[in-house]
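Trainee: Here is my input, please return the structure:
(chains A, B, C and D)
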There are 2 protein chains.
Amino acid sequence: MRIGELARRTGVSERSLRYYEEQGLLAPTRSASGYRQFTDEHVTTVRGIRSLLAAGLSTAIIGELLPCMVDTGAGLAPGCPELVPELERERDRITAAIDELVTARALLEQVIANTPAAV
Amino acid sequence: MRIGELARRTGVSERSLRYYEEQGLLAPTRSASGYRQFTDEHVTTVRGIRSLLAAGLSTAIIGELLPCMVDTGAGLAPGCPELVPELERERDRITAAIDELVTARALLEQVIANTPAAV
DNA sequence: GTTGACCTTCACGCCGGTGTCAACTTCTAC
DNA sequence: GTAGAAGTTGACACCGGCGTGAAGGTCAAC
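Mentor: Numbering: from 1, shown residues only, chains lettered A, B, ... in the order given. You can find the predicted model right below:
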């Protein structure tokens, strides 16, 4: 499929998809005329990218990580052992981020709850 | 206390503390010679700011929110009813962000788990 | 009177993402 | 087979928002 369809199927703008390619996160083939050609797997890849970006991973790290995530439908494949320590750091960072979010949400809840309904 | 001590006690750089003041999040008094004077309450305030920033709230929103959070030791005070809808939106956004983080973490865990220990 | 903490100001960095544009390709309809 | 619409391309610049860097000066404690 071409970029427009991938954009529709992932909800990611064409512009961002080109940006991801520029950052080395996507490597579509090209048609004779230069159009990017994506496969169904790229849909999965893009979802993974969004998820990891949302988790605060940089495009650089995601770029290292993706080759270790051959998306065979369900899951992941080979694995790059040398990346594990970094991934563990990221995982711990994410856990810390979750804690912070929970704390902040509790703070907001408290403010909301203590607010006299209307005035 | 002056800015250096507040920085030490909160772990936030002096530079950022000045930035927060610039954004209207902190309103220290000033000594005759112009030094910022912070109180113990400011320590609490700065922690709240960091928590909310970490949760993705903008300094602008935090600036609106802070006056509704007179930190009387335990908790919060008056409340600004007109802010509630926005706070609820933010709360929901935070909840969504937590979900995304959990998803991303699971993704990482999966990669880590599937990685052949060493090679 | 030197040293370290603090002051203001202006500019810059990062980074994911967007705006825009002319030129090209592909599709649709006749 | 041709016109026009729709889709795509690369390139360059720019944005928002949370900061940070550095210059050049003031203040206070010893």
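Trainee: give me the low-pLDDT residue ranges for chain A?
Mentor: A:70-79, A:117-119 (pLDDT under 70).
Trainee: near chain B at all, the helix ranked longest in it?
Mentor: Longest helix of chain A, by residue count under DSSP state H: helix A:84-113. Yes: for helix A:84-113, a contact with chain B is found by C-beta under 8 Å from any C-beta of the partner chain, at A:84, A:87-88, A:90-91, A:94-95, A:97-98, A:100-105, A:107-112. For glycine as for every other residue, the C-beta is placed from the backbone atoms N, C-alpha and C.
Trainee: And the residue of chain A that's closest to DNA strand D?
Mentor: Closest to DNA strand D within chain A is A:Gly4: 2.2 Å, counting by C-beta to the nearest atom of the strand.
Trainee: and that residue, what is it in contact with?
Mentor: With contacts defined as C-beta atoms under 8 Å, 6 or more residues apart in numbering or on different chains, A:Gly4 is in contact with A:Glu14.
Trainee: Can you pull the residues of chain A lying near DNA strand D?
Mentor: With C-beta under 7 Å from any atom of the strand as the criterion, chain A comes near DNA strand D at residues A:Arg2, A:Ile3, A:Gly4, A:Glu5, A:Ala7, A:Glu14, A:Arg18, A:Gly34, A:Tyr35, A:Arg36.
Trainee: how far away is the closest residue in space to the last one that isn't next to it in sequence from chain B?
Mentor: Right, A:Arg36. Nearest-residue entry for A:Arg36: A:Pro28, 4.0 Å, with adjacent residues in sequence omitted and distances by C-beta to C-beta, 6 or more residues apart in numbering or on different chains. The gap separating A:Pro28 from chain B is 22 Å, by C-beta to the nearest C-beta, to the nearest Å.
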